[in-house]
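# Take this sequence and fold it.
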Amino acid sequence: MVRAIASFLFALALPALAAPAYRVEPASVALGEPLSVNITARADMLENLDLAPLQKDFEVRDQSQGGDGREASLSLTLYPLRTGRIVLPALGLPMRAPTVTVAERSDSVPRVVFGSETDPREYHVRQAIRLTLEACDDGSLMWQRPQLATTEGLLVRPLNEEQLDVERAGERCTAHRWHWLVQPTTAGEIVPPLPMLEANKFGKQLRFPPPPLNLNAQPVPNWLPADAAVGEPEVSIAPLPAQWPLERPLALRIEVGGNYSTEALKNLLRLQLANLPQFADYPPTVEELAGTGSVPRHALTLYAVFRERGETRLPDIVLPWYDPAGSGLHQVQLKGASLQIFDPVRQRLVAWLPGLAGASIALSIAWLLWRPIAWRVRRYRALAEMKRADSLTALVAQLCAFGFRRGALPAATLGEWKQRMQQETQTQGLAELVTTVEAAHYGEAKTAFAALQSAALACLAKARPKRAQGLKFLTREANSP
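Purely as a prediction, here's the structure:
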């Protein structure tokens, strides 16, 4: 009897355990806040549950499932994609779906106004445009930059972001703006895959649906060259010097702001510089510059090496572009500058010639001034040595060494010295001096040493080189008597 009652109660409990349950918390949120959804049902019902109907009005952010084999539970975190009263789908389960209310704002979440724009508003294929996405709130939200990836038919490059105070619908708000440089590669409508916009307020994670964005690029003619830009470019050239030396590489820098790709600019330079020998040593470089404008900017650097002197002219650089308004093909022609190529070695020699000439003249004048002084200096030094002689032998040695010829060896005897002095110098009393000194030196006369020294000094103090030979004596190395 007891066993039958237990079996009956268990049979009654099975339907209760298997009945699906659908619970949503909270029932009312602001746009950006999450919803917690819990679905309880038999495990076999939840295994192949299709959540696609939920993605119409919600982003399914997190998903987890658990159970005991007979009954399972599915937990979801949903972020609303719109405001208003939303009835959650039943997802094919025999249950009553709940309803939630999504408001524009709440006590903890401010109202956010979203917008987007392109610069320019109308554009063509291959024309780069500046795409801006804006979120405007009361300034209490901390935003993360959304990631916009390159997709089919659209090239994307992130630019800067900014924050400023603006007025929207008569209310002041803080605008957070994110910019991209996008370039359509195919004509027609393009819908960039904008992600959910994430913000944080005091640690609370918020996610907002992005505003709708449709790009519609107009086609360009089929005959348009692949390297031509769509829209007129802006070009600036760095100034060049008027002169440049031989064999030294000259760098010509050109900045181009326009709808050119890096490869297109390389192709244009390669074609126009192919047959110019001065550009054959170094290939040109093309570098994309960072910026916040609505068109790409590139730095073009051309390297030239000149091997002939004289005036030369750099080649013209032509950049083709297509005018969408006038539907015509135009070109920007950069006129090549004229340069004077010089030889730096020759120029230095020419610059040094006046200095060398001046130095030579100065040396010549110094030499001419020094020659009449040099023999007087030698005479003064010789007389000073002669004054210090303390014996007749020392005096004879000083006399034999006296002379105006630089580097001359002392005479072996007083007679030889007298002969040399008579040939090279002008003096008086030389013969009498030699006779007196020889007589005293060899004992033939007893003349006081002081008197002989005074006579020698008086005689040689008036000695000077002969005019005809004196200049030769000052410069000749006289190793012979």
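
# Tell me where the model's unsure across the stretch 1-150 of the chain.
Under the criterion of pLDDT under 70, the regions of the stretch 1-150 of the chain flagged as low confidence span 1-18, 68-69.

# change it to 80
Low-confidence segments of the stretch 1-150 of the chain, defined by pLDDT under 80, span residues 1-19, 47-48, 67-70.

# which residues of it fall in strands?
Along the stretch 1-150 of the chain, the segments classed as strands by DSSP state E, counting those that start in this stretch run 21-25, 28-30, 35-42, 58-67, 71-80, 84-87, 99-103, 113-119, 129-137, 142-143.

# Can you tell me which helices and strands the first one packs against?
What that stands for is strand 21-25. Under the contact criterion of 3 or more C-beta pairs under 8 Å, 6 or more residues apart in numbering; DSSP states H and E, the helices and strands touching strand 21-25 comprise strand 35-42. Quick note: C-beta positions are derived from backbone N, CA and C, even for glycine.

# Other residues contacting the strand it packs on?
18-26, 29, 46, 49, 58, 70-80, 88, 91, 93, 95, 100 (C-beta atoms under 8 Å, 6 or more residues apart in numbering).

# what do you get if the cut-off is 7 Å, keeping everything else the same?
Identification of contacts with strand 35-42 by C-beta atoms under 7 Å, 6 or more residues apart in numbering yields 18, 20-25, 29, 46, 70-78, 93, 100.

# Given that strand, what are its sheet partners and their directions?
Each strand that pairs with strand 35-42, with its direction, by DSSP bridges: strand 21-25 (antiparallel), strand 71-80 (antiparallel).

# Deepest in the core, which of the ones you listed is it.
Comparing these by mean neighbour count (mean count of other C-beta atoms under 10 Å), strand 71-80 comes out on top with a mean of 19.

# what is the orientation angle of that one with strand 58-67?
For strand 71-80 against strand 58-67, the angle between stretch directions is 160 degrees (axes from the mean of the first three to the mean of the last three C-alpha atoms, to 10 degrees).

# what angle separates strand 71-80 from strand 99-103?
Angular relation of strand 71-80 and strand 99-103 on a 0 to 180 degree scale: 20 degrees, by the same axes, to 10 degrees.

# re the thing from before, out of the strands of the stretch 1-150 of the chain, nearest to residue 312?
Residue 312 lies closest, by C-beta to C-beta, to one member of the strands of the stretch 1-150 of the chain: strand 129-137, at 41.3 Å.

# in that closest one, what's buried?
Applying a neighbour-count criterion of 16 or more other C-beta atoms under 10 Å, the buried positions in strand 129-137 are 129, 130, 131, 132, 133, 134, 135, 136, 137.

# Let's have those residues in JSON lines, adding distance to residue 337.
Conversion of the buried residues of strand 129-137 to JSON lines gives the following (distance: C-beta to C-beta, whole Å):
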{"residue": "129", "distance to residue 337": "34"}
{"residue": "130", "distance to residue 337": "33"}
{"residue": "131", "distance to residue 337": "38"}
{"residue": "132", "distance to residue 337": "39"}
{"residue": "133", "distance to residue 337": "44"}
{"residue": "134", "distance to residue 337": "45"}
{"residue": "135", "distance to residue 337": "49"}
{"residue": "136", "distance to residue 337": "50"}
{"residue": "137", "distance to residue 337": "54"}
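
# The stretch 251-400 of the chain: helices as residue ranges?
Assigned helices in the stretch 251-400 of the chain, in chain order: 262-272, 344-387, 392-401 (criterion: DSSP state H, counting those that start in this stretch).

# Using TSV, lay out those together with distance to residue 318 and mean pLDDT.
TSV is the format used below for these (distance: least, C-beta to C-beta, whole Å; pLDDT from 0 to 100):
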stretch	distance to residue 318	mean pLDDT
helix 262-272	7	93
helix 344-387	33	74
helix 392-401	88	82
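
# Can you say which of those is nearest to residue 313?
Closest to residue 313 of these, according to C-beta to C-beta: helix 262-272, at 14.4 Å.

# now for the closest one, which elements pack on it?
When contacts are defined as 3 or more C-beta pairs under 7 Å, 6 or more residues apart in numbering; DSSP states H and E, helix 262-272 packs onto strand 285-289, strand 297-304, strand 317-323.

# quick one: which of these is nearest residue 226?
Proximity of the helices and strands packed on helix 262-272 to residue 226 was assessed by C-beta to C-beta; the nearest stretch is strand 317-323, lying at 10.5 Å.

# For that closest one, list every residue counted as buried.
Neighbour count says strand 317-323 has 317, 319, 320, 321, 322 buried, by 16+ other C-beta under 10 Å.

# Run a quick neighbour tally on residue 31.
If you count neighbours by other C-beta atoms under 10 Å, residue 31 ends up with 22.

# now swap in residue 126 and tell me
By the criterion of other C-beta under 10 Å, residue 126 has 23 neighbours.

# who touches it in this structure?
By C-beta under 7 Å, 6+ apart, the contact list for residue 126 reads 183, 220, 230, 259.

# I'd like the average pLDDT over stretch 224-238.
For stretch 224-238, the per-residue pLDDT values average out at 91.

# List the buried residues in it.
In terms of neighbour count (16+ other C-beta under 10 Å), stretch 224-238 has its buried residues at 224, 227, 228, 229, 230, 231, 232, 233, 235.

# now residue 459, what's its secondary structure?
helix (DSSP: H, G, I helix; E, B strand; the rest coil).

# just checking, it touches residue 427?
Yes - look at residue 459 against residue 427 with C-beta atoms under 7 Å: they come within range, at 6.2 Å.

# Show me the shaky parts of the stretch 201-350 of the chain.
Scanning the stretch 201-350 of the chain for pLDDT under 80 picks out 291-294, 326-327, 344-350.

# if we can go back for a sec, how about the helices of the stretch 251-400 of the chain, which one is nearest residue 420?
Set against residue 420 and scored by C-beta to C-beta, the helices of the stretch 251-400 of the chain come closest in helix 392-401, at 9.5 Å.

# which outside residues touch the closest one?
Defining contact as C-beta under 7 Å, 6+ apart, one finds that helix 392-401 is touched by 385-386, 389, 410-411, 414, 417, 437, 440-441, 449, 452-453, 456.

# No more questions from me, cheers.
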